[in-house]
Structures are given as C-alpha cells and as structure tokens.
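Colleague: Quick one, structure for this:
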Amino acid sequence: MSQATKRKHVVREVLGEHVVPSDQQQIVKVLRTPGNNLHEVETAEGQRFLVSMPSKYRKNIWIKRGDFLIVDPIEEGEKVKAEISFVLCKNHVRSLQKEGHWPEAFSEVAEKQSNMNRQSQPELPAEPQLSGEESSSEDDSDLFVNTNHRQYHESEEESDEEEEEEAA
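Modeller: Reported below is the predicted structural model:
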C-alpha cells in the first residue's frame with residue numbers, strides 16, 4: 001500500500017468513525033509532546049503519564065496540545081502507560097458529550113476551547129448593500145486580509161506624484 005493510500009484510509013477512519021470508549025479505554029487530554037512519538041497526557045482524575053503513538057498514525061495524523069484522545073492501557077510500561085487508539089476531533093467530542101460518555105472534568109475545557117476557537121477566527125465584515133451600478137471592484141475592504149504578510153499602504157498623493165514624474 002502506498003503512503004498516500006495509507007494516509008487516505010487513516011484520515012478517513014479518524015474523521016468518519018464515531019467511537020465510544022470501552023471499559024478499559026480512557027479519554028485523556030494532551031498536555032505536551034516531548035518527542036519521539038510520545039505525548040504527555042492527563043486523565044480526568046488528574047493523573048499524568050506518557051502515551052505512545054502507533055505507527056499507523058505517524059506522519060499521517062498530527063496531535064497538538066489540548067487535543068483529546070482515547071487510549072488503551074499498556075500493562076508492561078513504566079513511563080509509557082498507554083497507547084493512542086483514537087484521536088478525537090470536535091465532532092466526536094460533541095457527540096460523546098450528548099451521549100453522556102464525556103468526563104465532567106473535561107467538559108469545561110472542551111467548552112473553553114470551542115469558545116476560544118470561535119473568538120480567534122477573524123470575522124469577515126458583512127457585505128455592504130450595493131445599489132444600482134455601484135460596484136465594489138475598486139473597494140477591497142471586504143477582502144480577507146492575510147496577517148502573515150506586511151501591509152503596504154500607498155496614499156493617493158504618492159501615487160499622483162509618481163504619475164506626474166513618469167509623465168514628465
């Protein structure tokens with residue numbers, strides 16, 4: 001199986017399936033990623049330990065601080081006490097909350113994250129009401145502004161001076 005095909009199946013599995021944790025599995029929150037496909041997590045009871053990422057998720061699924069996971073315990077592990085069995089996205093979290101499978105300790109955290117995501121996304125201004133022949137072809141105020149690039153503002157006076165110099 002090619003890497004692209006493998007990635008397609010893994011992503012489809014993570015995004016599409018609805019998973020309910022079994023009695024042995026736990027829902028945990030990622031605190032940090034020390035590296036080497038290990039993640040430090042915290043349970044709803046406040047217990048912290050390391051979990052390993054199985055090879056099928058490596059280089060296919062990215063986990064960041066604050067994400068929620070379903071993990072299977074590893075009995076022989078001293079430092080690494082569990083292995084990731086499923087990565088939960090926002091839709092999975094919502095459905096687990098509705099069904100009552102979501103730990104109470106994480107309820108506040110999940111709500112804060114969703115509120116922070118809503119606040120951090122820039123809201124686009126409402127489209128102005130145009131009447132008749134007025135078009136917004138020259139008015140670019142409703143376009144998305146990429147904050148990763150420097151903004152260069154040119155005043156009309158500068159552009160008029162440049163045109164006059166070119167004409168002379």
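
Colleague: hang on, Cys89 packs against Val14?
Modeller: Yes - using C-beta atoms under 8 Å, Cys89 makes contact with Val14 at a distance of 7.2 Å. In short, each C-beta sits where N, CA and C put it, glycine included.

Colleague: More neighbours: the two, which one.
Modeller: Val14 (17 against 12; other C-beta atoms under 10 Å).

Colleague: ok, the nearest residue to the more buried one once chain neighbours are set aside - contacts?
Modeller: If the residues on either side of it in the chain are set aside, Val14 comes closest to Val87, at 5.4 Å by C-beta to C-beta, 6 or more residues apart in numbering. With contact taken as C-beta atoms under 8 Å, 6 or more residues apart in numbering, Val87 is in contact with 14, 57, 61, 63, 67, 69.

Colleague: and Val87, that's in a strand?
Modeller: Yes - counting by DSSP: H, G, I helix; E, B strand; the rest coil, Val87 is part of a strand.

Colleague: what about it, distance to Leu31?
Modeller: 15 Å (C-beta to C-beta, to the nearest Å).

Colleague: quick check, nearest of the contacts of Val87 to Val80?
Modeller: Closest approach between the contacts of Val87 and Val80, by C-beta to C-beta: Leu69, at 13.7 Å.

Colleague: and the closest one, how far is that from Lys29?
Modeller: 8 Å.

Colleague: where does this structure have low pLDDT?
Modeller: 109-146, 153-168 (pLDDT under 70).

Colleague: that older thread, on the strand side of things, show who the residue nearest to Val14 bridges to.
Modeller: Leu69 (DSSP bridges).

Colleague: same deal with Pro73?
Modeller: What pairs with Pro73, by the bridge criterion (DSSP bridges), is Ala82.

Colleague: Check the burial of it by counting its neighbours.
Modeller: Using other C-beta under 10 Å: Pro73 sits among 13 other residues.

Colleague: Could you do the one 4 residues further on as well?
Modeller: By the other C-beta under 10 Å criterion, the neighbourhood of Gly77 contains 14 residues.

Colleague: Check the secondary structure at it for me.
Modeller: Classified using three-state DSSP, Gly77 is coil.

Colleague: before we move on, the earlier item: now flag whichever of the contacts of Val87 is closest to Gly35.
Modeller: Ile63 (12.3 Å).

Colleague: before we move on, back to that, just the buried members of the contacts of Val87?
Modeller: 14, 57, 61, 63, 67, 69 (16 or more other C-beta atoms under 10 Å).

Colleague: No more questions from me, cheers.
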